[in-house]
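**Q** The following block contains a protein sequence and its predicted model.
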Amino acid sequence: MKRSTSGQTKVIAKGSGEVAEQILQIAFDQGVKVRTDSDLAQILANVELESEIPLEALTAVATILNYVYDEQKQPFDETPKQS
């Protein structure tokens, strides 16, 4: 996800099926905390790439992103540091 020029958060990558399993495995291998939310996952799965996050998912996505960036001690506008 990234911010668009309008300031909204956009989906820039996603996966389903085997690709989703590979993404999860990489996250687990790297010690990334994974949140399970099937309702949010379903909403985001229906969002086209480069499209803004729908309003009904915005609060949940903002909460997750705030947690991630707080853990990294880095504001949302910066690119996450690579390990």
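**A** Right, received. Where do you want to start?
**Q** Which SSE is immediately downstream of the helix or strand of the chain with the lowest mean pLDDT?
**A** Sorting the helices and strands of the chain by mean pLDDT, DSSP states H and E puts strand 2-3 at the bottom, at a mean of 64. Tracing the chain C-terminally past strand 2-3 and defining elements by DSSP states H and E, one meets strand 9-10 next.
**Q** So, low pLDDT: which residues of this structure?
**A** In the predicted model of the chain, residues 1-6, 74-83 satisfy pLDDT under 70.
**Q** As a check, name the ranges of all helices in it.
**A** Assigned by DSSP state H, the chain shows helices spanning 18-29, 38-45, 55-71.
**Q** Residue 57: neighbouring residues, count only.
**A** Using other C-beta atoms under 10 Å, residue 57 has 20 neighbouring residues. For glycine as for every other residue, the C-beta is placed from the backbone atoms N, C-alpha and C.
**Q** To residue 12, which of the helices of the chain lies closest?
**A** Evaluated with C-beta to C-beta, the helices of the chain place helix 38-45 nearest to residue 12, the distance being 11.7 Å.
**Q** quick revisit: and of the helices of the chain, who's closest to residue 11?
**A** helix 38-45 (6.5 Å).
**Q** so that closest one versus helix 55-71, what angle?
**A** 100 degrees (axes from the mean of the first three to the mean of the last three C-alpha atoms, to 10 degrees).
**Q** for helix 38-45, packing partners?
**A** helix 55-71 (3 or more C-beta pairs under 8 Å, 6 or more residues apart in numbering; DSSP states H and E).
**Q** Using CSV, list the CA coordinates for the helix it packs on.
**A** Extracted in CSV, the C-alpha atoms of helix 55-71 (Å, rounded to 0.1, in the frame of the first residue of the first chain):
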residue,chain,number,x,y,z
LEU,A,55,-14.1,3.7,2.8
GLU,A,56,-15.5,0.7,4.7
ALA,A,57,-11.9,-0.7,5.0
LEU,A,58,-10.1,2.6,5.7
THR,A,59,-10.3,2.5,9.5
ALA,A,60,-9.0,-1.1,9.8
VAL,A,61,-6.2,-0.4,7.3
ALA,A,62,-5.2,2.8,9.0
THR,A,63,-5.1,1.0,12.4
ILE,A,64,-2.8,-1.7,10.9
LEU,A,65,-0.5,0.9,9.1
ASN,A,66,-0.3,3.0,12.3
TYR,A,67,0.8,-0.1,14.2
VAL,A,68,3.4,-1.1,11.6
TYR,A,69,4.9,2.3,11.3
ASP,A,70,4.9,2.8,15.1
GLU,A,71,6.8,-0.5,15.4
